[in-house]
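Enquirer: 3D model of this:
(one chain, ligands or ions: 1)
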Amino acid sequence: MLKKYFVICHIPFFLFIISLSLGIGCTRPPKPLPAQNKNISTPQNILLITIDTLRADHLGCYGYSQIQTPAIDSLAQEGIRFEWAFTPVPITLPSHASILTSLYPYTHGVLNNGEYQLSTSIQTLPHILQSHGFATAAFVGAFVLSKQFGLAQGFDLYDDELSPTGEKINEAFPLYNERKAEKVTEAALQWLQEKNPSRFFLWVHYFDPHTPYNPPQPFITEYPDRLYDGEIAYTDQCITGLLQELEKRNILKDTLVVLVGDHGQGLGEHNEMTHGIFLYDATMRVPLLFRYPELAAGIVSSDPVKTIDIPPTILEILKIPLPSEWQGESLFPYFYQPHLSHRKKPAIFLETIFPEANFGWSPLQGIRTKKWKYIKAPRPELYDLQSDPGELNNLLDQYPKQAQNLKNRLQNLLNTLPSPQKNQTVSMNEETRKRLQSLGYVWTNDSATPPNLSQDPKDMIELLNIFDQGYAYYVAGRYPEAVDIFQQILQQDPDNIIVHFLLAASLEKLNHLKEALKGFHEVAYQNPRFNNVHGNMGRVYEKLGNYQKALEEYQKDIKLFPDAPLLYNNVGVLYLKQKNYNMAIEQFEKVLSLTHDQSAHIITHTNLGTAYEMLGMYTRAQEEYQHSLELDPNYLVAHINAGTVFLKTHQIEMAIQEWQKALKIDPQNVHVHFSLGRAFLRNRNFDKAIDHLQEVIRLEPDFLQARILLEKIQKKQTPYN
Ligand SMILES: [Zn+2]
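Expert: Below is the predicted model:
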């Protein structure tokens with residue numbers, strides 16, 4: 001049976017506003033201190049909502065008047081809102097690793113998207129909650145957070161399913177393939193419905209505000225010139241659905257809701273359109289809200305805080321002891337007293353290796369206090385955030401002492417953070433380590449040299465904007481234009497790894513396979529973990545018909561990412577092509593054991609069916625095809641293959657039925673019409689046979705076999721006489 005999904009989006013805003021925000025406004029006085037109220041219960045459940053690429057200052061509750069975000073605004077009104085919250089890193093995977101581990105990226109070692117995995121030796125928030133009896137589940141909205149990157153630890157269920165079968169996904173550069181907010185919400189609610197846990201930690205990740213901006217209606221009409229805002233408003237509506245369902249199930253009152261952004265978005269500030277390159281507030285400041293009205297309602301704190309403070313806050317509220325190695329600090333005291341003037345204000349450490357890892361430019365590190373930000377770069381920067389919140393006037397020359405103090409503080413902070421060597425990312429290979437060392441990223445105490453290499457990202461930002469245009473062409477499938485732009489960038493910046501990669505991917509799409517291969521080789525030489533580059537090379541070798549080389553490349557990638565189901569599927573398909581069916585079956589079984597992803601299961605059962613069919617094991621093959629069809633009754637390939645097996649086992653009526661179902665899904669499928677033509681011919685149903693064969697010729701006039709059969713029937717010389 002296909003699982004039944006809830007219909008949760010497209011609920012009018014006002015319903016939610018009535019149910020959750022009765023009479024509560026920003027001016028409402030705070031609740032009595034919990035210490036004075038003995039009857040306060042600890043929350044039974046935790047709901048962590050992370051929204052990708054969400055600028056705090058694009059939400060109603062943060063003072064933005066040009067958007068409707070009633071769900072998020074209500075959470076703020078009924079809880080505590082941190083006006084100045086910061087991510088330590090403006091990159092999705094490292095930022096989420098920090099939110100779940102309470103560690104700076106410097107320590108947990110996940111420094112960029114796509115090439116790092118969180119070490120299994122690190123104790124995460126879900127680990128701890130799981131060990132305290134919470135059912136734990138995660139529903140993520142993009143491939144960049146998929147299981148293979150290590151965040152699934154501690155979750156009973158980690159749902160990284162992306163798209164239903166058949167939906168177009170970007171196979172060469174899948175990092176930002178996404179699942180829409182309503183699908184993420186449906187999956188999370190389905191888990192709640194089926195599991196009905198007595199106590200849960202549920203993490204829901206929405207990716208929609210990330211580029212490309214393509215909100216559904218009515219948001220595309222409501223925000224025609226501000227599609228980024230449209231995506232935020234759309235996501236907010238899906239959060240409405242999520243919270244309403246919790247309320248309907250009477251569990252919202254027992255649930256601590258935490259909402260946070262993983263980083264902001266440049267939107268052109270400092271010439272950065274997206275995020276990752278710089279450490280300015282445009283991309284480092286995020287919204288942070290906790291809602292549990294019994295503890296705090298209508299409170300706003302303006303002290304600077306960090307997203308790594310989330311796990312300690314949750315544990316303190318739950319009265320669970322904190323691991324000593326965590327680097328965040330509990331924000332619970334703010335629930336009673338929004339401004340802790342007496343409290344020592346720790347500086348916030350900021351970092352990004354994105355410029356280096358993707359473009360070969362200098363990485364950046366920074367430190368932020370309430371008043372100052374210092375950025376360590378080839379040309380360092382100092383900003384007075386109170387008089388210059390846009391970080392437009394570099395005061396380094398005016399305040400050299402202040403800059404030196406902050407630089408020292410940054411170095412002292414780095415010295416106190418545990419060396420990432422102890423928590424080394426798994427399978428980080430020697431080349432990558434050496435590369436990072438040579439680039440000045442401090443991996444060992446004896447290599448603590450500052451970045452000395454290369455270009456300052458500030459000086460390269462024009463190139464980045466040209467890159468963004470090329471990337472937009474690539475995503476839109478305009479490969480010739482993308483190739484032009486990427487080649488132009490490489491003339492100015494010949495070692496730019498992401499440009500090499502996307503150029504190769506574009507050339508592959510244009511069927512310039514040998515040139516594509518050359519480009520991927522260049523990438524693998526620079527960094528073998530970059531975006532599954534070996535898997536990409538394998539796919540190109542496969543297209544070139546060199547199965548042996550393809551297999552070698554896939555195996556290299558599997559060695560680097562042993563938990564990536566897609567890689568085993570690729571190897572399995574390759575074995576199918578080589579007629580090595582038993583080996584293929586082994587690979588497909590591995591896929592099934594590695595993922596709960598329904599789309600992967602649908603495809604894999606059909607692939608398994610094909611392998612069994614080729615081995616002549618028709619009963620088993622049919623079981624696999626039917627398994628796929630139970631998961632997705634509209635999966636075309638399974639209907640076609642099931643029909644073929646029915647034909648092979650002389651069940652012509654059944655074969656006809658399957659193919660007729662296939663035709664309902666794809667009425668113009670030439671091969672299905674041809675199969676039906678032949679089947680009706682065997683049944684001596686000449687009229688129907690003629691209909692289908694004529695349809696074949698209408699659709700594909702050069703289909704010779706169909707013409708021959710048709711002529712034979714028309715001469716009343718059926719070949720089966
Ligand atoms: Zn992100």
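Enquirer: C-alpha from now on. contacts and neighbour counts both.
Expert: Fine.
Enquirer: need the strands for the stretch 301-450 of the chain, in chain order.
Expert: Counting by DSSP state E, counting those that start in this stretch, the stretch 301-450 of the chain has strands at residues 305-306, 348-352, 364-368, 372-376, 381-384.
Enquirer: Serialize the ones you listed to a markdown table and add fields for mean pLDDT.
Expert: Output for these, formatted as a markdown table (pLDDT from 0 to 100):
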| stretch | mean pLDDT |
| --- | --- |
| strand 305-306 | 96 |
| strand 348-352 | 95 |
| strand 364-368 | 95 |
| strand 372-376 | 96 |
| strand 381-384 | 97 |
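Enquirer: Identify whichever of those strands lies nearest to V591.
Expert: Among those, the nearest to V591 by CA to CA is strand 348-352 (33.6 Å).
Enquirer: ok so, going back, closest to I498 out of the strands of the stretch 301-450 of the chain?
Expert: So among the strands of the stretch 301-450 of the chain, strand 348-352 is nearest, using CA to CA, at 15.9 Å.
Enquirer: who touches the closest one?
Expert: 86-91, 111, 276-279, 305-306, 363-369, 410, 413 (CA atoms under 8 Å, 6 or more residues apart in numbering).
Enquirer: can you rerun that using 10 Å?
Expert: Where contact means CA atoms under 10 Å, 6 or more residues apart in numbering, the residues beyond strand 348-352 that reach it are 85-91, 94, 104-106, 111-112, 276-280, 284, 304-306, 362-370, 373-376, 409-410, 413-414.
Enquirer: Now a PyMOL select for only the buried ones of these.
Expert: Here is the PyMOL selection string for the buried members of the contacts of strand 348-352, based on 16 or more other CA atoms under 10 Å:
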select buried, resi 85+86+87+88+89+90+91+94+104+105+106+111+112+276+277+278+279+280+284+304+305+306+362+363+364+365+366+367+368+369+370+373+374+375+376+409+410
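Enquirer: In helices only, show me the contacts of strand 348-352.
Expert: Counting by DSSP state H, the members of the contacts of strand 348-352 that fall within helices are P94, P105, Y106, M284, R409, L410, L413, L414.
Enquirer: Could you tell me the model confidence score at the closest residue to T255 other than its chain neighbours?
Expert: Distances taken as CA to CA, 6 or more residues apart in numbering place N45 nearest to T255, at 4.5 Å, with adjacent residues excluded. Model confidence at N45, expressed as pLDDT, equals 97.
Enquirer: how deep is N45 tucked in, by neighbour count?
Expert: As a burial measure, N45 scores 22 neighbours (other CA atoms under 10 Å).
Enquirer: my read: it touches N196, true?
Expert: No: using CA atoms under 10 Å, N45 makes no contact with N196, being 12.0 Å away.
Enquirer: Now that we have the strands of the stretch 301-450 of the chain, can you turn them into CSV and tack on distance to the ion?
Expert: Listed next are these as CSV, based on distance: least, CA to the ion, whole Å:
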stretch, distance to the ion
strand 305-306, 16
strand 348-352, 13
strand 364-368, 18
strand 372-376, 21
strand 381-384, 25
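Enquirer: Can you lay out those as TSV showing distance to N536?
Expert: Shown next, in TSV, are the strands of the stretch 301-450 of the chain (distance: least, CA to CA, whole Å):
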stretch	distance to N536
strand 305-306	37
strand 348-352	26
strand 364-368	30
strand 372-376	35
strand 381-384	39
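Enquirer: give me phi/psi at N271?
Expert: Dihedral pair for N271: phi 70, psi 10, per degrees, to the nearest 10.
Enquirer: ok, now which ones touch it?
Expert: Per CA under 10 Å, 6+ apart, neighbours of N271: K458, I461, E462, L464, N465.
Enquirer: one more time with 7 Å, if that's ok
Expert: I461 (CA atoms under 7 Å, 6 or more residues apart in numbering).
Enquirer: Now do F349 against T185, distance only.
Expert: If you measure F349 against T185 using CA to CA, to the nearest Å, the figure is 33 Å.
Enquirer: Between these two, which is the more surrounded one?
Expert: Counted by other CA under 10 Å, F349 and T185 do not tie: T185 has more neighbours, with 29 against 24.
Enquirer: Quick one: residues contacting that one.
Expert: Residues near T185 by CA under 7 Å, 6+ apart: C238, L242.
Enquirer: So which residue is dead centre in the protein?
Expert: A142 (2.1 Å; CA atoms, centre = their mean).
Enquirer: pretty sure it contacts K180?
Expert: No: using CA atoms under 7 Å, A142 makes no contact with K180, being 8.9 Å away.
Enquirer: For the protein, give the helix that spans the most residues.
Expert: helix 227-248.
Enquirer: So which residues make contact with that one?
Expert: For helix 227-248, the surrounding residues in contact (CA under 7 Å, 6+ apart) are 8-9, 16, 67-69, 71-72, 181-182, 185, 208-209, 213-215, 219-220, 223, 252.
Enquirer: For ChimeraX, what selects the buried ones among the residues you listed?
Expert: Buried residues within the contacts of helix 227-248, by 16+ other CA under 10 Å, are selected in ChimeraX with:
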select :8,9,16,67,68,69,71,72,181,182,185,208,209,213,215,219,220,223,252
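Enquirer: OK, contacts around H596?
Expert: H596 touches D159, counting by CA under 7 Å, 6+ apart.
Enquirer: Who are the contact partners of whichever residue of the stretch 551-700 of the chain sits closest to the ion?
Expert: As assessed by CA to the ion, the ion sits closest to A564 within the stretch 551-700 of the chain, at 20.5 Å. By CA under 7 Å, 6+ apart, the contact set of A564 is Q148.
Enquirer: What residues does this protein have near the ion?
Expert: Contacts of the chain with the ion, taken as CA under 5 Å from the ion, map to D52, T92.
Enquirer: For the ion, what's its nearest residue on the chain.
Expert: Closest residue of the chain to the ion, CA to the ion: T92 (3.4 Å).
Enquirer: can you tell me how far I40 sits from R249?
Expert: For I40, the distance to R249 - CA to CA - is 21 Å.
Enquirer: Please read the previous query as pertaining to K509.
Expert: 48 Å.
Enquirer: who has more neighbours, the two?
Expert: K509 (17 against 13).
Enquirer: Let's see the pLDDT reported for the nearest residue to the more buried one once chain neighbours are set aside.
Expert: Distance criterion CA to CA, 6+ apart; nearest residue to K509, sequence neighbours excluded, is Y479 at 7.1 Å. Here the pLDDT value assigned to Y479 is 95.
Enquirer: Let me know whether Y479 touches A505 as I believe.
Expert: No: counting by CA under 7 Å, Y479 stays clear of A505, with 9.1 Å between them.
Enquirer: Have a look at the two and say which one is more surrounded.
Expert: A direct count of neighbours by other CA under 10 Å for Y479 and A505 places A505 higher, at 28 against 23.
Enquirer: looking at this, Q117 is in a strand?
Expert: No: with DSSP: H, G, I helix; E, B strand; the rest coil as the criterion, Q117 is coil rather than part of a strand.
Enquirer: if I look at A584, how far off is N570?
Expert: 10 Å.
Enquirer: try Q705
Expert: 32 Å.
Enquirer: Which secondary structure element is home to the nearest residue in space to D156 that is not next to it in sequence?
Expert: Leaving aside its chain neighbours, D156 sits nearest to T136 (5.2 Å; criterion: CA to CA, 6+ apart). Assessed by DSSP states H and E, T136 sits inside strand 135-139.
Enquirer: average pLDDT for that strand?
Expert: Confidence for strand 135-139, expressed as mean pLDDT, is 97.
Enquirer: now do stretch 276-296
Expert: For stretch 276-296, mean pLDDT rounds to 95.
Enquirer: gap between the two ends of it?
Expert: End-to-end span of stretch 276-296 (CA to CA): 34 Å.
Enquirer: Where do the helices of the stretch 151-300 of the chain begin and end?
Expert: Assigned by DSSP state H, counting those that start in this stretch, the helices in the stretch 151-300 of the chain fall at 181-195, 219-222, 227-248, 281-284.
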